[in-house]
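[1] Make a model of this:
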Amino acid sequence: MMKKPLTSLVFVALLSLTACKKTANTAKETSAADSTQVTRTVSGMYEGVLPCADCPGIETTVAFNDDATVSKTILYQDRDKTSETEKGNWKLNGPYVEVTFADNQKEFYLIKTDSTIAVLDQGKKEVQTDLASHYILSKEKPLEPKTLNGNYIQGEVGKGYYQTLSLTNTADNEFDVAVTFKAATKKGCEFKGKGVLVNNRIEVNLKDNNPDLKAIMTISFDGKTATVSTSKFNERYDLMYFCGGGGTLGGDYNRE
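    Residues are numbered from 1 along each chain as shown. Purely as a prediction, here's the structure:
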């Protein structure tokens, strides 16, 4: 039997090795592409109303950002429109989205479809009761910052006293926020600050205006109405700091 030249055998071996490397690299690239695609699919803002033991429901908004950060805002219905936002990071863990907040608290969500996720318990289990459908959050389109620009009025123009909330989108999700008043004799509210649009609400840290204040002022939107409140109910009195005569920045403002 004629022996194959050694150089031929080496050449065949090299070809095989190259093919294996290409296959492995292709698999890795495909896996990375799949992971990126899933991440892009999960990214976005989800909303729903979770069950509540002593209120009509808990309006819940969770935004998974492309930079792996997350913000979750909850609002208890019929509770003075106060809403609180937590921030943290998220990562994919198989079919689950694992969220870790600043206090190291963890939450888990299950990817149901391209546009829905399920809120899970700490054992990564879905709710199996008749309320199961209420634990599904659906992807929603965030508000466009520039559409919020303009003046919103509290009171009636020409009726003695009214306050004006002015919103100006300056960059990305950032806003200049101002409140002014018009009155013949009564003292009113004057405020200027910086806000950030988070989960369809503008949040303003009042500590930036005065280090003694604790509240996060929130501005939420419902149609043409902007509601000024605080993230925590017991900090609502901070909104009076900028006002005279017992006034407050808080309340409903209607678009001019």
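[2] From now on I want contacts and neighbour counts done on CA atoms only, so please keep to that.
    Noted.
[3] what are the ranges of the strands in the stretch 101-250 of the chain?
    Taking DSSP state E, counting those that start in this stretch, the strands of the stretch 101-250 of the chain run over residues 106-111, 116-119, 136-140, 150-155, 161-171, 174-183, 191-198, 201-205, 216-222, 225-230.
[4] Sketch out the low-pLDDT regions of this protein for me.
    Within the chain, the stretches with pLDDT under 70 are 1-40, 185.
[5] If we use 50, what do you get?
    Screening the chain residue by residue with the criterion pLDDT under 50, one finds the ranges 1-2, 4, 6, 9-15, 17-20, 23-24, 26-37.
[6] how far away is the spatially most central residue of it from Thr230?
    Ranked by distance to the mean C-alpha position of the chain (CA atoms, centre = their mean), the top residue is Asn199 at 3.5 Å. Taking CA to CA, to the nearest Å as the measure, Asn199 falls 15 Å from Thr230.
[7] how close does the residue lying closest to Met240 once chain neighbours are set aside get to Thr41?
    Sequence neighbours aside, Thr248 is the residue nearest to Met240 in space, at 4.3 Å (criterion: CA to CA, 6 or more residues apart in numbering). Note on Thr248: its distance to Thr41, by CA to CA, is 42 Å.
[8] who has more neighbours, the two?
    Thr248 (20 against 13; other CA atoms under 10 Å).
[9] thought that one was touching Thr230?
    No: using CA atoms under 8 Å, Thr248 and Thr230 do not qualify as a contacting pair, with a distance of 11.6 Å.
[10] shared neighbours, those two?
    Taking CA atoms under 8 Å, 6 or more residues apart in numbering as the criterion, Thr248 and Thr230 both touch Leu239.
[11] mind listing the helices for this protein?
    With helices called from DSSP state H, the chain shows them at 6-42.
[12] if we can go back for a sec, next, the contact list for the residue nearest to Met240, please.
    Taking CA under 8 Å, 6+ apart as the criterion, Thr248 is in contact with Cys189, Tyr237, Leu239, Met240, Tyr241, Phe242.
[13] Ok, Ala184 next?
    Residues counted as contacts of Ala184 (CA under 8 Å, 6+ apart) are Gly160, Tyr161.
[14] repeat for the one 4 residues further on
    Taking CA under 8 Å, 6+ apart, we find Gly188 in contact with Gln163, Thr180, Phe181, Lys182, Cys243, Gly244, Gly245, Gly247.
[15] Among these, which one has the most neighbours?
    Gln163 (22 neighbours).
[16] Return the distance of stretch 88-107 from the chain's centre.
    14 Å (CA atoms, centre = their mean, to the nearest Å).
[17] got the contact list for that stretch?
    With contacts defined as CA under 8 Å, 6+ apart, stretch 88-107 is touched by 39, 64, 68-71, 86-87, 108-111, 120-122.
[18] Could you point out the member of those residues that lies closest to Lys141?
    Nearest to Lys141 among the contacts of stretch 88-107: Phe64, at 12.6 Å, using CA to CA.
[19] residues touching the closest one, list them.
    Remark: with contacts taken as CA under 8 Å, 6+ apart, Phe64 is in contact with Val42, Ser43, Gly44, Met45, Val70, Ser71, Trp90.
[20] Recalculate using a threshold of 10 Å.
    With CA atoms under 10 Å, 6 or more residues apart in numbering as the criterion, the residues that contact Phe64 are 39-40, 42-46, 70-72, 88-91, 97, 99.
[21] which one among those gets closest to Tyr135?
    Closest approach to Tyr135 among those (CA to CA): Tyr46, at 11.5 Å.
[22] Test my guess that the closest one contacts Asp114.
    No: using CA atoms under 10 Å, Tyr46 is not in contact with Asp114, being 11.2 Å away.
[23] Between the two, which contacts overlap?
    Common contacts of Tyr46 and Asp114 (CA under 10 Å, 6+ apart): Ser138, Lys139.
[24] The two: which is more packed in?
    The residue with more neighbours, out of Tyr46 and Asp114, is Tyr46; 23 against 13, by other CA under 10 Å.
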